[in-house]
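S.K.: Here is my input; please provide its structure:
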Amino acid sequence: MTHRRLAGLALLLAAFLVLTGTSVSVGADKKAPEFTLPNLDGDDVTLSELLEDGPVIVDFWATWCKPCIKAFPDLQEIFDKYRNCGLKVLAISIDGPKSMSRVGSLIKSKGNTFEVLLDPGQKVARKFHVTSVPRTVLVNTDGTIVYAVTGYRPKNHEELEAAVATLLPGDCPEEEVSEENEEKAVE
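M.R.: Coordinates of the predicted model:
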């Protein structure tokens with residue numbers, strides 16, 4: 001295939017992703033910028049400190065963003081499944097001062113238990129080159145971005161979970177053994 005034809009195909013793919021409102025970059029291999037932001041309790045959270053325990057999903061969102069809110073159950077499901085393996089989820093709100101007061105109540109109403117950080121000036125969002133939300137980034141323990149997606153569609157959940165699973169030990173998450181299966185194993 002000629003270089004010209006490859007360039008044309010790349011341009012078509014980029015146009016498709018723009019038109020669908022979704023872009024995915026797997027294996028981005030860029031270092032995540034270091035940051036410290038306050039959580040809802042006012043305590044500072046630093047990315048590099050969290051990476052000491054395992055990979056981190058960084059999700060940029062806003063209260064006015066319906067696709068962001070639609071993505072929360074998927075993020076919570078991945079967090080619930082892999083939190084005991086060291087995975088952290090940081091939902092970084094880019095809401096400005098006027099809508100910042102709604103962040104905590106929205107998170108609580110959705111039953112989310114992952115960490116929520118506040119970036120009202122969007123300084124961290126700019127470091128991550130966020131141009132629209134939701135923007136979800138997976139960072140491995142050495143600080144490399146290994147997966148990133150802008151926009152939301154249900155398939156993102158599967159892609160993100162598969163990327164997370166590659167960063168964790170093979171026995172994680174441990175499968176729960178039901179009593180029925182335990183009895184069969186003993187027989």
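S.K.: wait, doesn't V130 sit right on T136?
M.R.: No - judged on CB atoms under 8 Å, V130 makes no contact with T136 at a distance of 10.2 Å. In this view, the C-beta of every residue, glycine as well, is placed from N, C-alpha and C.
S.K.: Between these two, which has more neighbouring residues?
M.R.: For V130 versus T136, neighbours defined as other CB atoms under 10 Å are more numerous around T136 (27 against 20).
S.K.: just to confirm, which helix or strand has the more buried one in it?
M.R.: Using DSSP states H and E, T136 sits in strand 135-139.
S.K.: Need the residues that contact that strand.
M.R.: 32, 47, 51, 55-60, 71, 75, 125, 128, 145-150, 156, 160, 163-164, 167 (CB atoms under 8 Å, 6 or more residues apart in numbering).
S.K.: Show me which positions of the helix or strand R126 falls within end up buried.
M.R.: Using DSSP H and E, R126 falls within helix 123-127. Across helix 123-127, burial judged by 16 or more other CB atoms under 10 Å covers 124-125.
S.K.: How about stretch 65-76?
M.R.: 65, 67-69, 71-72, 74-76.
S.K.: And the contacts of it?
M.R.: 57, 59, 61-63, 89, 91, 106, 110-114, 133-134, 136, 151-152, 154, 156-157, 160.
S.K.: ditto for stretch 77-91
M.R.: Counting by CB under 8 Å, 6+ apart, 45, 47, 50, 53-59, 61, 72, 75-76, 107, 112-117, 157, 160-161, 164-165, 168-169, 172-174 sit against stretch 77-91.
S.K.: of those, buried ones?
M.R.: 45, 47, 50, 54-59, 61, 72, 75-76, 107, 112, 114-117, 157, 160, 164-165, 172.
S.K.: could you point out where this structure is predicted with low confidence?
M.R.: The chain contains residues with pLDDT under 70 at 1-29, 174-187.
S.K.: Please, where are all the helices along it?
M.R.: 3-20, 47-51, 66-82, 103-110, 123-127, 155-166, 179-186 (DSSP state H).
S.K.: what are the C-alpha coordinates of the fourth one, in CSV please?
M.R.: In CSV, the C-alpha atoms belonging to helix 103-110 read as follows (Å, rounded to 0.1, in the frame of the first residue of the first chain):
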residue,chain,number,x,y,z
VAL,A,103,-20.4,18.0,42.1
GLY,A,104,-20.6,16.2,45.4
SER,A,105,-24.3,15.8,45.5
LEU,A,106,-24.3,14.4,41.9
ILE,A,107,-21.6,11.8,42.7
LYS,A,108,-23.4,10.8,45.9
SER,A,109,-26.8,10.5,44.1
LYS,A,110,-25.2,8.1,41.6
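S.K.: other SSEs contacting it?
M.R.: If contacts are counted by 3 or more CB pairs under 8 Å, 6 or more residues apart in numbering; DSSP states H and E, helix 103-110 sits against helix 66-82, strand 115-118.
S.K.: Check which residues of that helix are buried.
M.R.: In helix 103-110, counting by 16+ other CB under 10 Å, buried: 103, 106-107.
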